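Colleague: okay, predicted coordinates and the sequence, questions at the end:
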Amino acid sequence: MTNTAPAPSDFRGHDFPALRNDRLLRAARHEPVDHVPVWLMRQAGRYLPEFRAVRAKHDFFTVCRTPELACEVTLQPLRRFNAAGAPLDASIIFSDILVIPQALGMEVQMVKGKGPHFPEPLDRPSDLDSLRRPDVREALRYVYDALTLTRHEIGGAVPLFGFTGAPWTLMAYMIEGGGSKNYAKAKAWLYADSDASHRLLQLLTDVIVDYLIAQVGAGAQALQVFDSHAGTLTPAAFGTFGYPYLAQIAQRVKAKVPSVPLFVFARGAHYGLDALAATEYDVISLDETVMPVAARAIVAGRAAVQGNLDNAALFAAPETIHALTEQMLSGFRNADGSLTGLIANLGHGMLPNHEPDHAIAYVRAVHDLSKAE
């Protein structure tokens with residue numbers, strides 16, 4: 001495979017293949033589709049033997065930073081699901097939310113059996129002075145090159161997602177130095193030094209906005225903002241340190257690329273659904289703790305919704321997955337019985353010990369159960 005990605009300055013004028021399957025884009029706009037589109041968070045990952053084969057030869061961030069490798073692992077689930085007769089309706093570029101802290105000058109390692117690790121996390125507010133505001137088009141060029149190459153290799157079969165972590169989620173990792181049970185260090189900043197917290201959150205927001213807009217120029221046809229740690233905040237703290245920055249991202253990105261669907265996934269922040277529905281996000285992604293019927297009522301047509309089968313359900317037998325999918329879809333039906341404005345996904349990402357055939361069973365069930373009558 002040859003990397004034909006153009007220089008960043010040439011992204012926006014690139015000639016990409018025409019899109020043949022636009023179900024996801026139409027569903028994001030509340031337009032009718034012949035069946036509910038479906039894709040899976042972390043659909044490229046360790047549950048696939050072909051992904052593990054790549055990782056056996058290359059460390060995690062090498063895959064992220066090598067456009068040919070990132071493209072290859074992005075395409076792997078498309079090939080497998082297509083071959084099984086259960087094609088996915090979208091692809092998402094293989095990358096990581098922590099490329100932004102790296103671009104800010106922080107070291108991030110992916111430690112086997114542990115996950116992300118920052119050897120020198122932010123310890124005190126004065127450490128913010130060590131962060132640099134990057135030119136994302138240079139610092140993260142490898143992501144854009146991977147998007148452009150992948151968009152060509154997909155050949156218009158399905159839309160390609162770009163993505164980012166949200167400000168609070170990135171801040172939490174940068175202070176904790178990795179994952180945490182309670183995120184006490186990061187939350188302490190919010191209460192003990194709110195000025196420094198807002199300074200960091202605004203810096204992250206500014207970088208994220210630039211990053212997302214440039215992803216569209218590189219070939220992304222949809223964008224998702226992952227606020228994976230939103231649910232660690234109280235409703236009041238989310239209202240002060242989470243929601244305003246998510247809303248700002250939506251407003252600023254949509255002002256530049258209004259036609260590109262923008263998704264938000266504030267995991268665990270069910271109390272924020274009404275507020276998020278009032279922003280410029282086109283689609284609100286729901287975790288598995290949110291009741292579909294309640295989410296539809298709160299969102300009230302202001303945005304499309306995405307979700308939200310419990311990812312643990314994929315450990316069940318295929319017939320059980322089918323039944324649980326039917327139950328989920330029933331909860332998402334509109335008052336007129338339609339499923340307009342729904343994109344099917346999981347309540348969180350694929351797990352390393354999932355069986356690929358069970359994920360295929362879920363995709364097949366969504367297609368079969370949601371076919372337009």
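Modeller: Right, received. Where do you want to start? Fair warning: this is a prediction, and the values are worked out from it, not measured in the lab.
Colleague: OK, contacts around the residue nearest to K254 when sequence neighbours are not counted?
Modeller: Spatial nearest neighbour of K254, chain neighbours left out: E280 (4.5 Å); criterion: CB to CB, 6 or more residues apart in numbering. All C-beta spots, glycine's among them, are computed from the backbone N, C-alpha and C. By CB atoms under 8 Å, 6 or more residues apart in numbering, the contact set of E280 is 247, 250-251, 254, 262.
Colleague: how does it look with 7 Å?
Modeller: Contact analysis of E280 by CB atoms under 7 Å, 6 or more residues apart in numbering lists 250-251, 254, 262.
Colleague: mind listing which of those residues are in helices?
Modeller: Among the contacts of E280, DSSP state H puts 250-251, 254 in helices.
Colleague: which of the three states applies to the residue nearest in space to the middle of the chain?
Modeller: Centroid-nearest residue in the chain, with CA atoms, centre = their mean: Q224, separated by 4.3 Å. Using DSSP: H, G, I helix; E, B strand; the rest coil, the structure places Q224 in strand.
Colleague: how much space separates it from D15?
Modeller: Applying CB to CB, to the nearest Å, the value for Q224 to D15 is 25 Å.
Colleague: between the ones in helices among the contacts of E280, identify the one with the most neighbours.
Modeller: Most neighbours among these, by other CB atoms under 10 Å: A250, with 21 neighbours.
Colleague: close enough to count as contact, it and D282?
Modeller: No: applying CB atoms under 7 Å, one finds A250 not in contact with D282, separated by 8.9 Å.
Colleague: anything in contact with each of the two?
Modeller: Applying CB under 7 Å, 6+ apart, one finds that A250 and D282 are jointly contacted by L262.
Colleague: on that earlier part again, for L369, state which of the contacts of E280 is nearest.
Modeller: L262 (27.3 Å; CB to CB).
Colleague: hmm, the closest one is touching L223, no?
Modeller: Yes: in this structure, L262 is within contact of L223 by CB under 7 Å, at 5.2 Å.
Colleague: quick one, strands of the chain?
Modeller: Using DSSP state E, the strands of the chain run over 91-92, 109-111, 115-117, 160-165, 222-227, 262-266, 283-285, 304-309, 342-346.
Colleague: buried ones in stretch 298-312?
Modeller: Across stretch 298-312, burial judged by 16 or more other CB atoms under 10 Å covers 298-299, 303-311.
Colleague: OK, contacts around the residue nearest to F163 when sequence neighbours are not counted?
Modeller: Excluding its sequence neighbours, the residue lying closest to F163 (CB to CB, 6+ apart) is Q224, at 4.5 Å. Residues near Q224 by CB under 7 Å, 6+ apart: 161, 163, 263, 265, 285.
Colleague: buried ones among the residues you listed?
Modeller: Applying the neighbour count, that is 16+ other CB under 10 Å, the buried entries in those are 161, 163, 263, 265, 285.
Colleague: okay, those in JSON lines with pLDDT next?
Modeller: Shown next, in JSON lines, are the buried ones among the contacts of Q224 (pLDDT from 0 to 100):
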{"residue": "F161", "pLDDT": "98"}
{"residue": "F163", "pLDDT": "98"}
{"residue": "F263", "pLDDT": "98"}
{"residue": "F265", "pLDDT": "98"}
{"residue": "S285", "pLDDT": "98"}
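Colleague: any idea which of these is closest to A83?
Modeller: For these, the nearest to A83 is F161 (21.5 Å; CB to CB).
Colleague: tell me how far the closest one lies from V216.
Modeller: From F161 to V216 the distance is 11 Å (CB to CB).
Colleague: do the same with F163
Modeller: With CB to CB as the criterion, F163 and V216 are 12 Å apart.
Colleague: same thing with A255?
Modeller: 12 Å.
Colleague: need the overlap of contacts for those two.
Modeller: With CB under 7 Å, 6+ apart, A255 and V216 have no common neighbours.
Colleague: those two: who's more crowded?
Modeller: With neighbours defined as other CB under 10 Å, A255 and V216 compare such that V216 has more, 20 against 11.
Colleague: look at the nearest residue to the more buried one once chain neighbours are set aside and say how many residues are nearby.
Modeller: Leaving aside its chain neighbours, V216 sits nearest to V257 (4.6 Å; criterion: CB to CB, 6+ apart). By the criterion of other CB under 10 Å, V257 has 16 neighbours.
Colleague: what's the pLDDT at V257?
Modeller: On pLDDT, V257 comes in at 98.
Colleague: if I read this right, it contacts I213, doesn't it?
Modeller: Yes: shown here, V257 and I213 form a contact pair, counting by CB under 7 Å, at 6.0 Å.
Colleague: which residues of the stretch 1-150 of the chain fall in helices?
Modeller: 23-28, 49-55, 60-65, 67-83, 99-103, 136-139, 141-154 (DSSP state H, counting those that start in this stretch).
Colleague: let me have those in a markdown table, adding distance to K371 as columns.
Modeller: Shown next, in a markdown table, are those (distance: least, CB to CB, whole Å):
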| stretch | distance to K371 |
| --- | --- |
| helix 23-28 | 12 |
| helix 49-55 | 30 |
| helix 60-65 | 36 |
| helix 67-83 | 17 |
| helix 99-103 | 38 |
| helix 136-139 | 41 |
| helix 141-154 | 24 |
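Colleague: so which of the ones you listed comes closest to V38?
Modeller: So among these, helix 23-28 is nearest, using CB to CB, at 8.7 Å.
Colleague: what is the closest one packed up against?
Modeller: Here helix 23-28 touches strand 342-346, going by 3 or more CB pairs under 7 Å, 6 or more residues apart in numbering; DSSP states H and E.
Colleague: what packs against the strand it packs on?
Modeller: helix 23-28, strand 304-309.
Colleague: show me the contacts for the residue nearest to F16 when sequence neighbours are not counted.
Modeller: Nearest residue to F16 in three dimensions, chain neighbours excluded: R151, at 5.2 Å (CB to CB, 6+ apart). R151 sits next to 16, 160, 219 when contact means CB under 7 Å, 6+ apart.
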